[in-house]
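Chemist: quick one, what's the 3D model for this:
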Amino acid sequence: MKELVIRVYNVRFGDAIFISVPDEDENGNPKTRYILIDIGNVQDAEGGGNDVFKPVIEDILRILNGSPLDLYIMTHEHLDHVQGLLWAAKQVYTEKDLRNKLKVQHSWLPVSSEPSYYDSHEYAQKKKILAAESYRMIHDYRIAKGASENKFLDILLQNNNRFLPSELTNLKSNITSDCVEYLRQLAGKNTHYVYRSIGKKTNGNPLYDIKNSNPFRKVRFEIWAPEENSSEYYGSFTPMALGFNKDEGQILVVTKSTPPAGVDASAYYNLIRYRQGDIYDNLLAIDKAANNTSIVFCIKWEGWKLLFSGDAEERSWKEMNKENVLSPIDFLKISHHGSENGTPDSEILEKLFPNHGDGSIKCPAAISTYLNIYSGIPDESTIETLKSLGCQIRSTLEIKDGKALEFKFEPKV
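Modeler: Predicted coordinates:
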């Protein structure tokens, strides 16, 4: 095999990327190595559908043909990126059987997914506690209110359910923490919790030492994000007046709030409505924090530079820019399913595509997305901006469920 092949599977609203890389073994003999990035989708009737995972995993195992999966990468802790392998392990194989079939040699998870991470990062722990408290309040409010009036709320709750143990959720979805725990076991002692590997040290923190985290010999990896300190990615959480409590049977019930004596009723109820409106702002802050901890990395192979950006949003791109890690690329996995906030501003894009805007240079790009799940995704203006910079975009919307877009790269002369 002489071509590097990137396969971007249609799993509806989620990610599943499989890469075949011409490499060599320890004796210098030709050897194809393999990388799998994420498998998951949202738990929505349209954007989800767990049955899509079976043909994807079967195709990956067909290509592996008994060879080991050299590197598995979980970009971040969202169901639309993590749930596919555990689903297959329970519904198609067994957990042990799927691990034995994949034979994962090394795995990368973001540093904040390390089990004891928050014990040694006090400020990040405080931020996560605030996020968890806010999430639990909204989750309980959703149950107390009954059926959601907006499917967007349920999708956000489901995709961010890492704050809930299995027994506490009434939402019809897998639990992120269960999926992540399974993924932690895939490579055993060769599980690596990674962060930025190039640029400058931040606040005295060393860069991640990447040399023993993979078996590749002709590939150079660069990890551009996340930062070692995940508190960089948490925003602020605003107070909410959701108006519910638990009765003696621990059943959640919505309570009717009344203004205290001497307080203008109109102003009081306006404040209540305002603070209930913060549900979405707080959920989006939680969602952004997870997206911005995405592993963003480059594969440098035979003259090509291929960028995989997970679901990194603007905050992460700004950190990458600040740390001076951005450089021209030859392939882009478009971040966050083509959302406006997943693509950086023009200053950053110019560093990725400095010579593409004149029309003489084309950069292949892939977008894994699905319509009518989140408002404005994929964002048409974002797509047009990338096209104007020379991106030749292919989308999973072009292909059937379970099938893959293919991008092939031959060594540059």
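Chemist: where does the prediction get shaky in the stretch 151-300 of the chain?
Modeler: 165-173, 203, 238-277 (pLDDT under 70).
Chemist: where do the helices of it begin and end?
Modeler: 151-159, 176-185, 265-276, 278-292 (DSSP state H, counting those that start in this stretch).
Chemist: confirm L306 sits in a helix?
Modeler: No - counting by DSSP: H, G, I helix; E, B strand; the rest coil, L306 falls outside a helix, being strand.
Chemist: is it in contact with C298, as I believe?
Modeler: Yes - L306 lies in contact with C298 (Cβ atoms under 8 Å); the separation is 6.5 Å. No exception for glycine: its C-beta is placed from N, CA and C like everyone else's.
Chemist: now the common contact residues for those two.
Modeler: I329 (Cβ atoms under 8 Å, 6 or more residues apart in numbering).
Chemist: nearest to E58, out of the helices of the stretch 151-300 of the chain?
Modeler: Comparison of the helices of the stretch 151-300 of the chain against E58 by Cβ to Cβ identifies helix 176-185 as nearest, at 18.7 Å.
Chemist: okay, buried residues for the closest one please.
Modeler: Neighbour-count burial for helix 176-185 flags 176-180, 182-184 (criterion: 16 or more other Cβ atoms under 10 Å).
Chemist: for those, which one is nearest I63?
Modeler: Among the buried residues of helix 176-185, and counting by Cβ to Cβ, the member closest to I63 is L183, at 20.2 Å.
Chemist: count of residues packed around the spatially closest residue to that closest one that is not a sequence neighbour?
Modeler: Among residues not flanking L183 along the chain, M74 sits closest, at 5.2 Å (Cβ to Cβ, 6 or more residues apart in numbering). Look at M74: counted by other Cβ atoms under 10 Å, it has 28 neighbours.
Chemist: residue contacts, M74?
Modeler: So M74 contacts 38, 81-82, 107-110, 113, 180, 183, 295 (Cβ under 8 Å, 6+ apart).
Chemist: from these, which ones fall inside helices?
Modeler: 81-82, 180, 183 (DSSP state H).
Chemist: just give me how far the helix with the most length in the chain sits from the chain centre.
Modeler: Counting residues, the longest helix in the chain under DSSP H turns out to be helix 122-145. Mean-position distance between helix 122-145 and its chain equals 20 Å (Cα atoms, centre = their mean, to the nearest Å).
Chemist: state the mean pLDDT of it.
Modeler: Taken as a whole, helix 122-145 has a mean pLDDT of 85.
Chemist: tell me which of the ones in helices among the contacts of M74 is nearest to G28?
Modeler: For the ones in helices among the contacts of M74, with G28 as the reference and Cβ to Cβ as the criterion, the closest is L183, at 32.3 Å.
Chemist: who touches the closest one in this structure?
Modeler: Counted by Cβ under 8 Å, 6+ apart, L183 has contacts 72, 74, 82, 85-86, 107, 109.
Chemist: just the buried ones from those residues?
Modeler: 72, 74, 82, 85-86, 107, 109.
Chemist: which of those residues fall within strands?
Modeler: By the criterion of DSSP state E, membership of those in strands covers 72, 107, 109.
Chemist: K288: which of those residues is nearest?
Modeler: L109 (19.2 Å).
Chemist: for the nearest residue to that closest one once chain neighbours are set aside, give its distance to C363.
Modeler: Using Cβ to Cβ, 6+ apart and skipping residues adjacent in sequence, the residue nearest L109 is M74, 4.8 Å away. Here M74 is placed at a distance of 26 Å from C363 (Cβ to Cβ, to the nearest Å).
Chemist: what would the contacts of M74 look like in JSON lines with distance to R7?
Modeler: Shown next, in JSON lines, are these (distance: Cβ to Cβ, whole Å):
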{"residue": "D38", "distance to R7": "13"}
{"residue": "H81", "distance to R7": "16"}
{"residue": "V82", "distance to R7": "19"}
{"residue": "S107", "distance to R7": "19"}
{"residue": "W108", "distance to R7": "19"}
{"residue": "L109", "distance to R7": "22"}
{"residue": "P110", "distance to R7": "23"}
{"residue": "S113", "distance to R7": "25"}
{"residue": "V180", "distance to R7": "24"}
{"residue": "L183", "distance to R7": "20"}
{"residue": "I295", "distance to R7": "19"}
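Chemist: who's in contact with Q392?
Modeler: 362-365.
Chemist: these in helices, which ones?
Modeler: Per DSSP H, the subset of these in helices is empty.
Chemist: turn these into TSV, columns for distance to L352 and pLDDT.
Modeler: Listed next are the contacts of Q392 as TSV, based on distance: Cβ to Cβ, whole Å; pLDDT from 0 to 100:
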residue	distance to L352	pLDDT
K362	14	87
C363	8	94
P364	13	96
A365	10	97
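Chemist: closest one of those residues to Y135?
Modeler: Nearest member of the contacts of Q392 to Y135, counting by Cβ to Cβ, is A365, at 33.0 Å.
Chemist: list the beta-bridge partners for that closest one.
Modeler: Counting by DSSP bridges, A365 is bridged to L332, I393.
Chemist: how many residues are close by it?
Modeler: Counted with other Cβ under 10 Å, A365 comes out at 23.
Chemist: wait, doesn't it sit right on G390?
Modeler: No - judged on Cβ under 8 Å, A365 makes no contact with G390 at a distance of 9.3 Å.
Chemist: overlap of the contact sets of these two?
Modeler: Counting by Cβ under 8 Å, 6+ apart, nothing touches both A365 and G390.
Chemist: that older thread, list only buried entries from the contacts of Q392.
Modeler: 363-365.
Chemist: before we move on, back to that, any chance of a markdown table for the buried residues of helix 176-185, columns distance to R62?
Modeler: Below are those laid out as a markdown table (distance: Cβ to Cβ, whole Å):
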| residue | distance to R62 |
| --- | --- |
| T176 | 28 |
| S177 | 31 |
| D178 | 27 |
| C179 | 24 |
| V180 | 27 |
| Y182 | 22 |
| L183 | 22 |
| R184 | 26 |
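Chemist: closest to L207 among these?
Modeler: Distance to L207 across the buried residues of helix 176-185 (Cβ to Cβ) is lowest for R184, with 23.1 Å.
Chemist: now for that closest one: which residues touch it?
Modeler: Here R184 is in contact with 107, 109, 113, 115, 191 (Cβ under 8 Å, 6+ apart).
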